[in-house]
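Q: From the sequence below, what's the structure:
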Amino acid sequence: MIYLQLFLGFLKVGCFAFGGAYGAIPLIRDVVMSYGWLSGEMLTYMIAVSESTPGPIMVNLATYIGSNQAGFPGAVVATVAVVLPSFLIILLVTALLKTALKNKYVQAVLRGLKPCVIGIVLATGIYMVFANCMGSIFAVELNYNAIIISVILIAAMLGYKYFRKKKLSPILVIILSAAAGIFVYGI
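A: Numbering: from 1, shown residues only. Here you go, the predicted model:
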């Protein structure tokens, strides 16, 4: 019986929680309190813990409450129930989008947006490099550590492309950035 209650309670949360996790907290509180799964004080503590752990608050709360009420199977049931509506909606949108992507007008719009998105990402990257290396426009202050790391990363990317004839993986760039940061800034 508890599995059905967990499923229906968190399915309700998953179906009707709009406006993100913070907008869902009153609905979560209502469901949890109506079933008597946690006290108000304990729920408040769990919301705070869910905010500070990786992952969406609704999923974290559902997993914890399901585990608290019915062990590991309860955690699975509650977590599946809270994500099921979003999962089904994404499947529906993907199915509809797949057919829409074949439309020549939609393809034209996407081809037109592609250079804009590339420009926005490039401008953001350039701004971040300059802001970190030189400070603001009004108070130029060179950050030599950031300049060294930027030069190392640019040299690594260009060198890799020149010698290996392919682009450096973003994961390797992140790892190289972390190593350079540790080396340059020290621990």
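Q: The one residue sitting closest to the centre of the chain: what secondary structure?
A: Compute the mean C-alpha point of the chain, and by CA atoms, centre = their mean the closest residue is residue 55, 7.8 Å away. Look at residue 55: counting by DSSP: H, G, I helix; E, B strand; the rest coil, its state is coil.
Q: Distance-wise, check residue 136 relative to residue 143.
A: Separation of residue 136 from residue 143 (CB to CB, to the nearest Å): 12 Å. To be clear about C-beta, it is placed using only N, CA and C from the backbone, and glycine gets the same treatment.
Q: out of the two, which sits in the busier spot?
A: residue 143 (14 against 9; other CB atoms under 10 Å).
Q: nearest residue to the more buried one other than its sequence neighbours?
A: If you skip the residues right next to it in sequence, residue 143 has residue 133 as its closest partner in space, 5.6 Å away by CB to CB, 6 or more residues apart in numbering.
Q: Contact partners for that neighbour?
A: Contact partners of residue 133, counting by CB atoms under 8 Å, 6 or more residues apart in numbering, are 142, 143, 146, 147, 150.
Q: one more time with 10 Å, if that's ok
A: With CB atoms under 10 Å, 6 or more residues apart in numbering as the criterion, the residues that contact residue 133 are 141, 142, 143, 144, 145, 146, 147, 148, 149, 150, 151.
Q: Generate JSON lines for those residues, with distance to residue 73 as supplementary columns.
A: Compiled in JSON lines, the contacts of residue 133 are given as follows (distance: CB to CB, whole Å):
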{"residue": "141", "distance to residue 73": "57"}
{"residue": "142", "distance to residue 73": "58"}
{"residue": "143", "distance to residue 73": "53"}
{"residue": "144", "distance to residue 73": "56"}
{"residue": "145", "distance to residue 73": "51"}
{"residue": "146", "distance to residue 73": "50"}
{"residue": "147", "distance to residue 73": "55"}
{"residue": "148", "distance to residue 73": "53"}
{"residue": "149", "distance to residue 73": "48"}
{"residue": "150", "distance to residue 73": "51"}
{"residue": "151", "distance to residue 73": "54"}
